[in-house]
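> Show me how the following folds:
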Amino acid sequence: MEQPIQKVVEVCLLAGKIMLESGAETYRVEDTMTRIATAFGLPESHSFVMPTGIIFQPDGGDSAKLNRIMERTTNLRKVDAVNAISRQLCNGELSIIDAVKSLHKIDKEGSDYSIRLQITAASIASACFAIMFKGSWQDFIPAMISGGLGYLFFIYFHRLVKVKFFAELIASFCIGIVSFILTSVGLGQSVDIIIIGSVMPLVPGLLITNAVRDLMAGHLVSGVSRGVEAFLTAFAIGAGVAIVFIIL
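Numbering: from 1, shown residues only. The predicted structure follows:
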């Protein structure tokens, strides 16, 4: 049964928006949108995806549609959920009406993990990274404290200042201060190891991976832009820690 083009476009743009906002690679977003359009009889549709926007041109001469992407985070569960819906659509197991409802439900969902759980995970990860980077067990607890507080500062300041660069800069600065305080009172042995372990939860690993994968897939604009974003994050982390070393 042929579906209205407007409905197909709505599903394609919504699926692409959710995936891109949740940290999916550019080529994966384009491939998913193209497969959905083809499944509903629009094989000549075209999509152009960048980290900040999606342009979709449906088959049949209709005007291109633009969807602006304002926020990006990491939520691979949403990416997997949209992929599952796209496979069901392609196999004819899901109607387009049900797909729209399911996608809107996924879009409205928040993070699967509470802020408390995220901070706890960042604390444990920071402490484990400190040991992995050949720190002593005396640095384990200080790295846990510093990493948890640093991630807490990141979440708090990112809500106050929507520019992620400044939130990361302030968070890494706070990590440096806390690490120096803990080592000065004798709770830690190596301030360098504690800082390195504590900033690891802020490191843009997914951004770097997606930038390389987009470049390898031939999406040069998206690959370069993601790479620059990863560089700015790394620069913010390094600058925040460097300011602490300059001051102290």
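> for this protein, what are the low-confidence residue spans?
For the chain, applying pLDDT under 70 flags the ranges 1-3, 60-62, 112.
> who does the longest helix along the chain touch, helix- and strand-wise?
Counting by DSSP state H, the longest helix found in the chain is helix 220-247. With contacts defined as 3 or more Cβ pairs under 8 Å, 6 or more residues apart in numbering; DSSP states H and E, helix 220-247 has these neighbours: strand 46-50, helix 164-184, helix 191-199, helix 205-216. The way it works is simple: take the backbone N, C-alpha and C, and place the C-beta from them, glycine included.
> In TSV: those, plus distance to residue 75 and mean neighbour count.
TSV is the format used below for the helices and strands packed on helix 220-247 (distance: least, Cβ to Cβ, whole Å; neighbours: other Cβ atoms under 10 Å):
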stretch	distance to residue 75	mean neighbour count
strand 46-50	17	20
helix 164-184	16	22
helix 191-199	22	26
helix 205-216	11	18
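> Which of those sits closest to residue 103?
With Cβ to Cβ, the closest approach to residue 103 among those belongs to strand 46-50: 16.0 Å.
> what sits up against the closest one?
12, 16, 20, 26, 29-30, 33-34, 54-57, 219, 221-222, 225 (Cβ atoms under 8 Å, 6 or more residues apart in numbering).
> Narrow those residues to those in helices?
Short answer: the contacts of strand 46-50 in helices (DSSP H) are 12, 16, 20, 26, 29, 30, 33, 34, 221, 222, 225.
> Which PyMOL command selects the buried ones in those residues?
The PyMOL command for the buried members of the ones in helices among the contacts of strand 46-50 (criterion: 16 or more other Cβ atoms under 10 Å) is given here:
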select buried, resi 12+16+20+26+29+30+33+34+222+225
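> I'd say residue 243 and residue 173 touch.
Yes - in this structure, residue 243 is within contact of residue 173 by Cβ atoms under 8 Å, at 5.7 Å.
> Dump the helices and strands packed on helix 220-247 to JSON lines, plus distance to residue 146.
Below are these laid out as JSON lines (distance: least, Cβ to Cβ, whole Å):
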{"stretch": "strand 46-50", "distance to residue 146": "36"}
{"stretch": "helix 164-184", "distance to residue 146": "5"}
{"stretch": "helix 191-199", "distance to residue 146": "4"}
{"stretch": "helix 205-216", "distance to residue 146": "19"}
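> what domains does the record give for this protein?
5-108, 115-247 (automatic domain parsing).
> and which of the contacts of strand 46-50 is nearest to residue 136?
Nearest member of those to residue 136, counting by Cβ to Cβ, is residue 225, at 40.6 Å.
> List the contacts of the closest one.
Residue 225 touches 50, 51, 52, counting by Cβ under 8 Å, 6+ apart.
> returning to that earlier point: buried ones in the longest helix of the chain?
So helix 220-247, judged by 16+ other Cβ under 10 Å, has buried residues 222-223, 225-227, 229-230, 232-234, 236-237, 240-241, 244.
> rewinding a little: tell me which of the helices and strands packed on helix 220-247 lies nearest to residue 144.
Of all these, helix 191-199 sits nearest to residue 144, with 8.6 Å by Cβ to Cβ.
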